[in-house]
Each structure stands twice: as C-alpha cells, then as structure tokens.
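Novice: Sequence first, then the predicted structure:
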Amino acid sequence: MTAQLFSKAVLDWYEQYGRKNLPWQQQISPYRVWVSEIMLQQTQVTTVIPYFERFMQRFPDVFSLSTAKQDEVLHLWTGLGYYARGRNLHACAKTIVNEYNGLFPHSVEQLSELPGIGRSTAAAIASISMGIHAPILDGNVKRVLTRCFAVPGWPGDGQVQKRLWSLAEELTPNHSSRQYTQAMMDLGATLCTRSKPACGICPLQPQCLGLKTGNPTQFPNSKPKKAKPEKHTILIMISNPAGEYFLQQRPQQGIWGGLWSFPEGTDRQAARLMVQRLLPGTEALEQELPPFRHTFSHYHLHIQPVVFRLQRHLATVQETDNPNHCWYNPVSPDNIGLAAPVKMLLQQQSTEEYP
DNA sequence: AAGTCGGGGAT
DNA sequence: ATCCCAGACTT
C-alpha cells in the first residue's frame, strides 16, 4: 500500500473519531504540549490528567516554572513516578528562559538537545504545537506499525527500532502534521489497543498484515522477561511529640532522586543505631507497622516500617551528617516531593492519630 | 546493548 | 500475579 493511502485513512478516521477534548489539546501551546508529553512518557492518559491540571494551575507558563523551587516541582510530581522527568522538566524550563528567551526552538534537532526530550517527544512537540513535519515513534505508533506491517521482534531491539523509525518517516505526510501525530496516538490508544483491539472498526483493517496472521495481538512482540530481584529495607519513621516525622532528602541520582523519605536501615539493630546517630541520646518507643511490598520497574522492595516515638523532642540533629532533613507535619504538609509509599505511610499515621 | 529510573491501570 | 504505558538517559 502507498504511504498516501495509509495517511489518508488515518487522517480521515481522526477527523471523525479522534480525541479532541484532552486538557492539553485546549489552548495548545509549546509549553502545554511539552509538559503533557513529558508527563505522558510511560504513563497512561487517565493517570496524567489530574497531574496536568494541577501543574498548569500552579505553573501556567515556562517563566513561572523556571523560577520555581525544585521541591515544589517534585511535590506536584509526587505519585507520578520517574522523577528524573520532573527534575529534567525544571532544568529545561530554566534553559528555555535563560538561553531561548522563553521561546521553544522550532526544530526537532534543537528540541532533542533539551533535557528530558528525546527524538519522539521532540517530534511530538514540534508537530502538535508548531505544525512541523516530524514523525513520532511512541508506544502507540509502535503498536500500530508493528501490527499493520507485521513487524517481527521486540521494538526495544535496535534493528527493529530502526525499521520502525524508517516506516514512520515513510508514512508521515508532509501536511496536517498536528492531526497526523494526534491521529496515530489516538488510533493506538483507542482502537489498536494492547489487548482486544477493535479491528472491526479500524480504518487500517483492509491492509493490516497483523490481522491477516489471525493474531494481531502477537504484535508488538513482547519484551524478553527477566526476574526482578527482591530487596528489603526498614523505613525508620521517627516521630516527635508534636506529631511530626523526620524526613531526609534523597540524593539527586538513584531511586526517588530528590524526593524526601524516611531514614532507612537494613535490620532492626541498624535502625536503632541510625536513630541514635541522627538524634543522639533520645529515647523512643518502637512500634512495628504491617510490612508490605512495593514494586519498581526493575525490582521488588519489601518494606518494614518501624515507628520510633520520641518521648521528648530533641532539636540536636546532626547537621553535618544530615544537611537535608526536616520535620514533616502531616497535618500542615510542606510542598515537597514524597515517594509514594512514604506519602501513604504519612497519611496512614496522621489519620490514625486524628480520626 | 543493557541497565536505570515509578506508579498505576488492565488483565 | 504479570504486562505495559504519548521514553530518556547512563553505562
């Protein structure tokens, strides 16, 4: 089939059935599209929507974002995951303001150089918000293309990825860039879904080679799986008589980078030593909370929370050891980023103490 | 090329 | 329980 036939079928379908009411499709601007694209990386639309609304309310433009504190950016990112996205977003806003006079560059190449913006995200921003001809290759497009052309292999593989980019370039029309980009995403998100695709009403049904194989959901071929390691940690929940909890800011790199979390220990004795190192001379009542398991992309984490209730409040925190600590009050919380399990535990504790 | 980065929705 | 989602970045 010709590229024109493909893009016409896709564009005609979009005109009639595409999504046009998503929050970032209103008052379209490079800023709004950029924020939405970053949030949507590896994250489903329904999850993103409330985060996007809150973010736009607080940071309506790139200038307000560029002067924000990182803590406040990560606060609005709490629960969304992949926190490097939030840190990169913040850094990118500073670059746009300081080096581009607050205006996003109008080329895929320049956009790709900005932190957190790769080839596909750059193309999405360029095509949707600027009408620039630029092929994208996100999860939706990968699914549509691997099915329509029965492309074998896992899309993460280099050779497969190369072929998919080449297909995407070949099929993307020189006109209607915004509509075509949005159309491919919509097709993948609403019809050509991971399971139970609606092939019966798909505009590409006549030429879909994946459907002709009788099992279109075999495409894209699944990622070779690998067992996730199991790790353990004790979360040390130190509380003072005021009902506040001791939190530390995690290093920028690594898991939960830049977020605030409880001190940790490998075992119960190490936890006690940690409490004494942080707050020398304190006496605390220990209370074990129910353990639970938290799953990341690449490992499982068994979490054992232990509350250390201080009998008297000591203000002698070892400043040299812990320059980044705070006493967090769940009743009047600070605008800082919290790891999801930390947020859950804090909420759980505060609702138990003040039912 | 493989590993690192989250959390939640769908199944 | 597993899989995967509008991926980018580091090693």
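Specialist: Received the coordinates, thanks.

Novice: For the rest of this, base every contact and every neighbour count on C-alpha atoms.
Specialist: Will do.

Novice: Help me confirm that residue A:94 comes into contact with residue A:66.
Specialist: Yes. With contact defined as C-alpha atoms under 8 Å, residue A:94 reaches residue A:66; the gap is 4.6 Å.

Novice: need the residues of the stretch 151-300 of chain A near DNA strand B, please.
Specialist: On the criterion C-alpha under 7 Å from any atom of the strand, DNA strand B has as its neighbours in the stretch 151-300 of chain A the residues A:157-159, A:195-196, A:253-257, A:295-298.

Novice: Between those residues, which sits nearest residue A:238?
Specialist: Residue A:238 has its nearest neighbour among these in residue A:256, at 19.6 Å by C-alpha to C-alpha.

Novice: wait, that closest one sits on residue A:250?
Specialist: Yes. The criterion here is C-alpha under 8 Å, and residue A:256 meets it with residue A:250 at 6.9 Å.

Novice: Tell me if residue A:246 really is in a helix.
Specialist: No. Assessed by DSSP: H, G, I helix; E, B strand; the rest coil, residue A:246 does not belong to a helix; its assignment is strand.

Novice: That one - nearest residue in space that isn't next to it in sequence?
Specialist: Ranked by C-alpha to C-alpha, 6 or more residues apart in numbering and with sequence neighbours excluded, the top spatial neighbour of residue A:246 is residue A:327, at 4.7 Å.

Novice: so for stretch A:130-143, what's the average pLDDT?
Specialist: Average pLDDT, stretch A:130-143: 98.

Novice: right, I mislabeled it, should have said stretch A:111-125
Specialist: Taken as a whole, stretch A:111-125 has an average pLDDT of 98.

Novice: What is the end-to-end distance of that stretch?
Specialist: Across stretch A:111-125, the terminal residues are separated by 8 Å (C-alpha to C-alpha, to the nearest Å).

Novice: now check that stretch, is it near DNA strand B?
Specialist: No. Using C-alpha under 7 Å from any atom of the strand, stretch A:111-125 never reaches DNA strand B; the gap is at least 10.7 Å.

Novice: looking at chain A, which residue lies furthest from center?
Specialist: Among the residues of chain A, the one whose C-alpha is farthest from the average of all C-alpha positions is residue A:281, by C-alpha atoms, centre = their mean at 41.3 Å.

Novice: Relative to residue A:245, how far out is that one?
Specialist: To residue A:245, residue A:281 is 18 Å away according to C-alpha to C-alpha.

Novice: And residue A:96, by the same measure?
Specialist: If you measure residue A:96 against residue A:245 using C-alpha to C-alpha, the figure is 37 Å.

Novice: In terms of neighbours, single out the busier of those two.
Specialist: residue A:245 (23 against 18; other C-alpha atoms under 10 Å).

Novice: need the contact list for the residue nearest to the more buried one when sequence neighbours are not counted.
Specialist: Closest residue to residue A:245 apart from its sequence neighbours, by C-alpha to C-alpha, 6+ apart: residue A:239 at 4.5 Å. With contact set as C-alpha atoms under 8 Å, 6 or more residues apart in numbering, residue A:239 has these partners: A:245, A:246, A:307, A:308, A:309, A:310.

Novice: mind listing the helices for the stretch 1-150 of chain A?
Specialist: Taking DSSP state H, counting those that start in this stretch, the helices of the stretch 1-150 of chain A run over residues A:3-17, A:30-39, A:45-58, A:62-66, A:70-77, A:84-99, A:108-113, A:119-130, A:139-148.

Novice: Tell me the buried residues in the fourth one?
Specialist: Right, the one you point to is helix A:62-66. Under the neighbour-count criterion of 16 or more other C-alpha atoms under 10 Å, helix A:62-66 has A:62, A:63, A:65, A:66 buried.
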